[in-house]
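In: okay, sequence plus prediction incoming.
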Amino acid sequence: MPEPNIKDELQKMEGEYEPLLPVEYKLIWYTLGSGIVLLVALVLLSRLFV
Amino acid sequence: MATAIEPPGTEHIVPIAATPPPHPGMSEDWLAVWMGLFVFILSFGVMFHADLLGWAVTTSVWTVPAKALAPASAVYAKLSPLVSLLATYVFLLALVLIGAKALRANIARFAQGFTVVFAVSYACWWLGSWAYIAATPDKRHALGIGWSLNLTTESGFIIALLAGLVVGNFLPGVSRALKEALRPELYIKTAIVILGGYLGITALSQQQLASKMFFQGLCAIVCAYLIFWPVVYYVARRWFGFSREWAVPLASGISICGVSAAIATGSAIKARPIVPIMVSSLVVIFAVVELLILPFAAQHYLYSQPLVAGAWMGLAVKTDGAAVASGAIADSLIHVKAMAAGLYYQAGWTLGVATTVKVFIDIFIGVWAFILAWVWSAKIEHREGEVHAGQIWQRFPKFILGYVATFLIVIAIGVMLPHMMPQVKAAMGQANIFRAIFFVMTFFAIGAVTNFRKLWQEGIAKLAAVYVLCLFGYIIWVGLLISWLFFHGILPPAVKG
């Protein structure tokens, strides 16, 4: 397989800037929020029961 | 000029949209399952008075080179060490060549490459067992030496990695010639399947610790997918302006499990295959950097908390090979430093925790790829009906089935036939010899496929900047914090000093 030119690839990407969509914000904040909640729950469970 | 070596683990992952080859071979994942299970089953011969693997070569700490090697079992004590070594090579060559046929690899090139990989790797292992490098303080007197580097026989792993890096970075012709057999993912996954049985023994001996270990595995899933991924994705998109096509594989490569996650999630959002492959090159390079730094940091700062160190390796080091390898190195280094401080822990727990954490993270790559495929299909690109649950299985890392099987078989024997445990321990001891050989070959292969010159490639700086910022500024520290929250104060069983 020929070695791709990463510089060209990234320049092409910069020429077509994609702003963050509301659904991406949702994905980011929902996953992070649920991660923190679950992590706290697991730490508590771990300390109390395991 | 860059070598034509592709990142490990990329050979058999085909994006959904791509046309599959007309006669695809077996995947490396399935091959690792069968090879690992084959060694595991043969090792059980000792339970039936048939020592089927006792001829395998073992290496002990040496001061006289000729005395370094010996057959594993006393049954084969009269066997010459060189014959034992040759038998081990022939057995493994036969095993991997059958595998190479199943992979539809070039058999002749595989045989040549494997011969070199085995020879160099074992030479590194042998060199790393030299008493002046490997001996721990409590063994120096018996070995008749006044000093040593205290690195244990696992220093052979580091030597193999360095040898591989020399090949990968300074001898591109040799690297290309060995390409067919430079398969770190195949070697480490086979080792992990074998390791499952060994961890089964460990779990049986300390059930409470083992349950804690598996609980940490659950936490690792939350951490990698829900805490690492969104932050890295945000940084890549918002701060560095990467497109979705680049940000998804990048976030997955940095947060989850390197190469396979980058490729699975990249194809889930229908990124061009070249994007995750480029990201994977970077993943491999930084995994090696982590492998060379983090185990030594863990030895220095976490020698009194070996389980924290193990979880940290599993969470912070990307790619299966580098993560489990880091766990093995950290295990040995911590063992030595703890002994010097008067703390005598049972060895193997740091490696056990690192492996468990990594395996748990791997299990959910398919699920995460499915979720992203659904979000992209339904919410971003508004393509309905293109995502189906079968894709979860398609992307499930199959070698985990082998790991779970060996683990559960040992647990089942331990529970149902407790009087057989001494034989099972002996069997796992023999299987472990091959696990160690697959480990050392993994280290060499990781080095040989790592091309640091890619960092000098024009344009890579922006990609590397995201990686450096997220890995060294966020993931390593959050991974350490979470490992600490779960494991601080929990110690492996003490052993007699």
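Out: Nice, I can see it.
In: and the gap between the residue nearest to the spatial centre of chain A and chain B?
Out: Nearest residue to the geometric centre of chain A (C-alpha atoms, centre = their mean): A:Ile28, 6.0 Å. The gap separating A:Ile28 from chain B is 4 Å, by C-beta to the nearest C-beta, to the nearest Å. To be clear about C-beta, it is placed using only N, CA and C from the backbone, and glycine gets the same treatment.
In: and that residue, what is it in contact with?
Out: Under the criterion of C-beta atoms under 8 Å, 6 or more residues apart in numbering or on different chains, the neighbours of A:Ile28 are B:Pro230, B:Val231, B:Tyr233, B:Tyr234.
In: from these, which two are the most distant?
Out: B:Val231 and B:Tyr233 (7.3 Å; C-beta to C-beta).
In: more neighbours, these two?
Out: Remark: of B:Val231 and B:Tyr233, B:Tyr233 carries more neighbours, 27 against 20, as counted by other C-beta atoms under 10 Å in any protein chain shown.
In: my read: the more buried one touches B:Ala251, true?
Out: Yes - B:Tyr233 is in contact with B:Ala251 according to C-beta atoms under 8 Å; the separation is 3.9 Å.
In: which stretches of the chain have low pLDDT?
Out: The chain I'm using is chain A. By pLDDT under 70, the low-scoring segments of chain A are A:1-5, A:50.
In: chain B, not that one
Out: The model of chain B has pLDDT under 70 over residues B:1-24, B:384-386, B:458, B:496-497.
In: can you pull out the strands in it?
Out: Remark: strands assigned in chain B by DSSP state E are B:57-59, B:69-71.
In: dump these to TSV, plus mean neighbour count and distance to chain A.
Out: Shown next, in TSV, are the strands of chain B (neighbours: other C-beta atoms under 10 Å in any protein chain shown; distance: least, C-beta to the nearest C-beta, whole Å):
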stretch	mean neighbour count	distance to chain A
strand B:57-59	23	37
strand B:69-71	21	41
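In: longest single helix anywhere in chain A?
Out: As assigned by DSSP state H, the longest helix anywhere in chain A is helix A:22-49.
In: export the strands of chain B to JSON lines and tack on distance to B:Ala341?
Out: Shown next, in JSON lines, are those (distance: least, C-beta to C-beta, whole Å):
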{"stretch": "strand B:57-59", "distance to B:Ala341": "27"}
{"stretch": "strand B:69-71", "distance to B:Ala341": "32"}
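In: for the ones you listed, which one sits closest to B:Met441?
Out: Across the strands of chain B, closest to B:Met441 is strand B:57-59 (C-beta to C-beta), at 14.0 Å.
In: residues of chain A that sit close to chain B?
Out: With the criterion set to C-beta under 8 Å from any C-beta of the partner chain, chain A comes near chain B through A:1, A:3-11, A:13-14, A:16-18, A:20-21, A:23-24, A:27-29, A:31-32, A:34-36, A:38-39, A:42-43, A:45-46, A:50.
In: now a PyMOL select for only the buried ones of those residues.
Out: The PyMOL command for the buried members of those (criterion: 16 or more other C-beta atoms under 10 Å in any protein chain shown) is given here:
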select buried, chain A and resi 6+9+10+13+24+27+28+31+32+35+38+39+42+46
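In: helices of the stretch 1-150 of chain B, start to end?
Out: For the stretch 1-150 of chain B, the helices defined by DSSP state H, counting those that start in this stretch cover B:28-43, B:81-103, B:107-128, B:131-134, B:137-143.
In: the longest one to helix B:28-43, inter-axis angle?
Out: Spelled out, it's helix B:81-103. Put simply, helix B:81-103 runs at 140 degrees to helix B:28-43, going by axes from the mean of the first three to the mean of the last three C-alpha atoms, to 10 degrees.
In: contacts for helix B:81-103?
Out: The contact list for helix B:81-103 (C-beta under 8 Å, 6+ apart) reads B:25-26, B:28, B:31, B:34-35, B:38-39, B:55-57, B:66, B:68-71, B:76, B:79, B:106-107, B:110-111, B:114-115, B:118-119, B:122, B:180-181, B:186, B:434, B:437.
In: show the buried residues in these.
Out: The neighbour-count criterion (16+ other C-beta under 10 Å) marks B:25-26, B:28, B:31, B:34-35, B:38-39, B:55-57, B:68-71, B:76, B:79, B:110, B:114, B:118, B:122, B:180-181, B:186, B:434, B:437 among the contacts of helix B:81-103 as buried.
In: which part of the stretch 251-400 of chain B gets nearest to chain A, residue-wise?
Out: As assessed by C-beta to the nearest C-beta, chain A sits closest to B:Lys379 within the stretch 251-400 of chain B, at 4.6 Å.
In: roughly how far apart are the residue nearest to that residue when sequence neighbours are not counted and B:Met421?
Out: Once flanking residues are discounted, B:Lys379 sits nearest to A:Val23: 4.6 Å by C-beta to C-beta, 6 or more residues apart in numbering or on different chains. Per C-beta to C-beta, to the nearest Å, A:Val23 is found 54 Å from B:Met421.
In: could you do B:Leu195 as well?
Out: Separation of B:Leu195 from B:Met421 (C-beta to C-beta) stands at 18 Å.
In: those two: who's more crowded?
Out: B:Leu195 (32 against 15).
In: surely the more buried one and B:Tyr403 touch.
Out: Yes - the criterion here is C-beta under 8 Å, and B:Leu195 meets it with B:Tyr403 at 7.1 Å.
In: can you list residues touching both of those two?
Out: With C-beta under 8 Å, 6+ apart, B:Leu195 and B:Tyr403 have no common neighbours.
In: OK, contacts around the nearest residue to B:Val174 once chain neighbours are set aside?
Out: Distance criterion C-beta to C-beta, 6+ apart; nearest residue to B:Val174, sequence neighbours excluded, is B:Val167 at 5.3 Å. Residues near B:Val167 by C-beta under 8 Å, 6+ apart: B:Val174, B:Ser175, B:Leu178, B:Phe444, B:Gly447, B:Ala448.
In: switch to 7 Å and redo it
Out: Contact analysis of B:Val167 by C-beta atoms under 7 Å, 6 or more residues apart in numbering or on different chains lists B:Val174, B:Ser175, B:Gly447, B:Ala448.
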